[in-house]
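S.K.: Please find the sequence and the predicted model below.
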Amino acid sequence: MVSTAAPTVARVHPARAAVVLVIATIVAIALNALIAAAAVAFGASASYGPLTAPAYASMTILGIAAGWAGWRLISRRSAHPRRALAITVPVALALSFAPDLLLGIFRFIPGTTTAAVIALALMHVVTAAVAVPAYAVASPRLEAPASAPRKYA
């Protein structure tokens, strides 16, 4: 018999989640700074708007916060959150490349170079690579639904 009951999710300790997410955000911003510096070394302008610290730092903060909200929503509402996250995370990352791809094609921001577009796309990957493990650490463990049969190894 397969249960369709949603898993129970323990309460996230807000202070723990906040500390983990702040650390992840700082790490992601620092790594994105390295990517921006590499892009400049490969020909992007140091004054190119999206590669300036205020731009990528604010977008990193926004991305990590939005990702956390989505992670928590799926963790709470999905009958199979691990499976749902295993699908949602790569799809969301792939969709996040759309603005970079459009920027690379249409160059609607003056000064856009291939190096800049690649750097912006890499920033998405780095942010996700830092954020996803942080979400897992900040989240409570998912427990099987109460009505689900237990499996013994």
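M.R.: Arrived safely. Residues are numbered from 1 along each chain as shown.
S.K.: Would you mind measuring the gap between the ends of stretch 46-59?
M.R.: 18 Å (C-alpha to C-alpha, to the nearest Å).
S.K.: typo on my end, it should be stretch 41-54
M.R.: Note: stretch 41-54 ends 19 Å apart using C-alpha to C-alpha.
S.K.: gap between it and the chain center?
M.R.: 22 Å (C-alpha atoms, centre = their mean, to the nearest Å).
S.K.: ok, now which ones touch A116?
M.R.: 39, 44-45, 48, 50-51 (C-beta atoms under 8 Å, 6 or more residues apart in numbering). In short, each C-beta sits where N, CA and C put it, glycine included.
S.K.: Let's have those in a markdown table, adding secondary structure and distance to A131.
M.R.: Output for the contacts of A116, formatted as a markdown table (DSSP: H, G, I helix; E, B strand; the rest coil; distance: C-beta to C-beta, whole Å):
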| residue | secondary structure | distance to A131 |
| --- | --- | --- |
| A39 | helix | 21 |
| A44 | coil | 24 |
| S45 | coil | 28 |
| Y48 | coil | 24 |
| P50 | helix | 19 |
| L51 | helix | 20 |
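S.K.: And the strands in the chain?
M.R.: Ranges of strands in the chain, per DSSP state E, are 8-9, 142-143.
S.K.: State the distance from the residue nearest the centre of the chain to F108.
M.R.: Centroid-nearest residue in the chain: A128, 3.5 Å away (criterion: C-alpha atoms, centre = their mean). Distance from A128 to F108, counting by C-beta to C-beta, to the nearest Å: 24 Å.
S.K.: pLDDT value on the residue nearest to the centre of the chain, please?
M.R.: Turning to A128, the model gives it a pLDDT of 98.
S.K.: and the gap between it and Y48?
M.R.: 22 Å.
S.K.: now T60
M.R.: Separation of T60 from Y48 (C-beta to C-beta) stands at 17 Å.
S.K.: neighbour count winner among these two?
M.R.: T60 (26 against 21; other C-beta atoms under 10 Å).
S.K.: What residues does that one make contact with?
M.R.: 25, 28-29, 32, 123, 127.
S.K.: Among the residues you listed, which one sits closest to I87?
M.R.: Ranked by distance to I87 (C-beta to C-beta), the contacts of T60 are led by T127 at 19.0 Å.
S.K.: Alright, calling it a day.
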